[in-house]
Every structure is written in structure tokens, then in C-alpha cells.
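Q: how would this look folded up:
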Amino acid sequence: NFKEDVQRLQREKDELNMKNENIHDEMTPRPSWDLAGEVIDGGAERWMNVSVNKTSQEKLV
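A: Just a heads-up that it's a prediction; the model follows:
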């Protein structure tokens, strides 16, 4: 039935998109932000305070 085929293909597409996102996230290197606290003035406690809820891009600014 056409409707069932469309639904099945939509589910397959959604699954493949999710797999693609997961692979992308795994392949994109992320800095070890915890180590930044060892080298900035104020140490780890200050780093935690200034970096909380920030994206990697925001942490670089």
C-alpha cells in the first residue's frame, strides 16, 4: 500500500538523519574544556563560573 510505503520510508529517513547527526557529533573534535581551568587566572573554579552554559564558540571569546 502506498501510504504504508511512504510512512516506512519516512521512518527510515528519520533514522538515517539521526545516525548522520550522531556520526557528525562524534567526528567533530571537542576541546577538553576542563583543562582550561588549569591555565587561566583564577583556576578551575573561576573557569567553571565564566564558562557555564556557553557554547564552544562562546568560550573562545
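Q: Where do the helices of this protein begin and end?
A: Taking DSSP state H as the test, the helices found in the chain are 2-27, 43-51, 56-60.
Q: Average pLDDT for the second one, rounded please.
A: What that stands for is helix 43-51. For helix 43-51, the per-residue pLDDT values average out at 94.
Q: coming back round to it: out of the helices of the chain, deepest packed?
A: Stretch with highest mean neighbour count among those: helix 43-51 (a mean of 13; mean count of other Cβ atoms under 10 Å). Glycine gets a C-beta too; all of them are placed from N, C-alpha and C.
Q: Domain map for this structure?
A: Structural domains assigned to the chain are 1-30, 32-61, following automatic domain parsing.
Q: Quick check: pLDDT value at Trp33.
A: Among the per-residue scores, Trp33 shows a pLDDT of 89.
Q: Then Asn17?
A: Per-residue confidence for Asn17 comes out at a pLDDT of 97.
Q: Could you report the neighbour count for Trp33?
A: Residue crowding around Trp33 was assessed by other Cβ atoms under 10 Å; the count is 13.
Q: Give me the distance between it and Ser56.
A: When distance is defined by Cβ to Cβ, to the nearest Å, Trp33 is 8 Å away from Ser56.
Q: Then Gly42?
A: Gly42 is 20 Å from Ser56, where distance means Cβ to Cβ.
Q: again with Met48
A: Separation of Met48 from Ser56 (Cβ to Cβ) stands at 15 Å.
Q: Next: Met27.
A: The spacing between Met27 and Ser56, counted by Cβ to Cβ, is 15 Å.
Q: again, but for Trp47
A: The span separating Trp47 from Ser56 equals 14 Å under the rule Cβ to Cβ.
Q: now do Pro29
A: Distance from Pro29 to Ser56, counting by Cβ to Cβ: 10 Å.
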